[in-house]
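> I'd like to go over a predicted model; first the sequence, then the structure.
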Amino acid sequence: MTDPSSDSPLRLRESPIELGPDLPITAYYAMEPWQPERIRALALYCSDGCWGEAFDEFCQRHLRIPRYDRWAVPGGPACVAASAEDPTLLRAARIQLDFLVQAHELERFVLITHFGCAWYGQRLQRPPGECLPTQSKDLQAAAATLRSWFPGLRVDAFLAMRRHERMSFHQVDVGHK
Ligand SMILES: [Zn+2]
């Protein structure tokens, strides 16, 4: 007698992962192999998908933080700036960060605000260039908040600019730890 389940497509003998018996058929295999080591850095930036690839490229190629934790929310660092109008945003941010700092042993935060951010455009009702001073102030405030919550962690801040199709990154001085 042969086991009737032996030719099931879900019996993946080579797989290092124990797949559940009720798993649907594989839709896609990632080309990227699993790497368990954490980089202990988190980047907080806007969720705007038009910038996502450039943020990734900047963090991985320039800052050299592969596999960094990504925290993408509308407005990015605005959610931890002390000027955030809604205290529930700040509370939610604290809960999530407390968890990540502890569970992922974070040692570094990277804050990125970007030119033309719709979060600021809508809030301030100003064209992109006129939102930049507020965005810069929010970077300072966000860095101060993070340092007060997590003394000893490194905080770096950047402005992502765009001219036509060209995107560039500029460090903003938020003091050093
Ligand atoms: Zn944005």
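Yep, that arrived.

> so where do the helices sit in the chain?
Per DSSP state H, the chain carries helices over the ranges 49-57, 87-103, 118-124, 128-149.

> Pick the most buried one from the ones you listed.
Among these, helix 128-149 has the highest mean neighbour count (mean count of other CB atoms under 10 Å), at a mean of 18. For glycine as for every other residue, the C-beta is placed from the backbone atoms N, C-alpha and C.

> Would you mind extracting the C-alpha trace of that one into CSV?
Written as CSV, here are the backbone C-alpha positions of helix 128-149 (Å, rounded to 0.1, in the frame of the first residue of the first chain):
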residue,chain,number,x,y,z
PRO,A,128,6.2,71.8,-2.1
GLY,A,129,9.0,74.3,-1.7
GLU,A,130,7.0,76.2,1.0
CYS,A,131,6.5,73.0,3.0
LEU,A,132,10.2,72.4,3.4
PRO,A,133,10.8,74.6,6.5
THR,A,134,8.0,72.7,8.3
GLN,A,135,9.4,69.4,7.2
SER,A,136,12.8,70.4,8.5
LYS,A,137,11.4,71.5,11.8
ASP,A,138,9.6,68.1,12.1
LEU,A,139,12.8,66.3,11.5
GLN,A,140,14.4,68.2,14.4
ALA,A,141,11.3,67.5,16.6
ALA,A,142,11.2,63.8,15.6
ALA,A,143,14.9,63.4,16.4
ALA,A,144,14.4,65.0,19.8
THR,A,145,11.4,62.8,20.5
LEU,A,146,13.3,59.6,19.6
ARG,A,147,16.3,60.6,21.7
SER,A,148,14.1,61.3,24.7
TRP,A,149,12.3,57.9,24.3
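
> Residues touching it, excluding its own?
The contact list for helix 128-149 (CB atoms under 8 Å, 6 or more residues apart in numbering) reads 44, 77-78, 80-83, 90, 94, 97-98, 109, 111, 113, 115-117, 120-121, 124, 153, 155, 157, 159, 172, 174-175, 177.

> Can you turn the buried part of those into a ChimeraX selection?
Burial among these is assessed by 16 or more other CB atoms under 10 Å; the matching ChimeraX selection reads:
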select :44,77,78,80,81,90,97,109,111,113,115,116,117,120,153,155,157,159,172,174
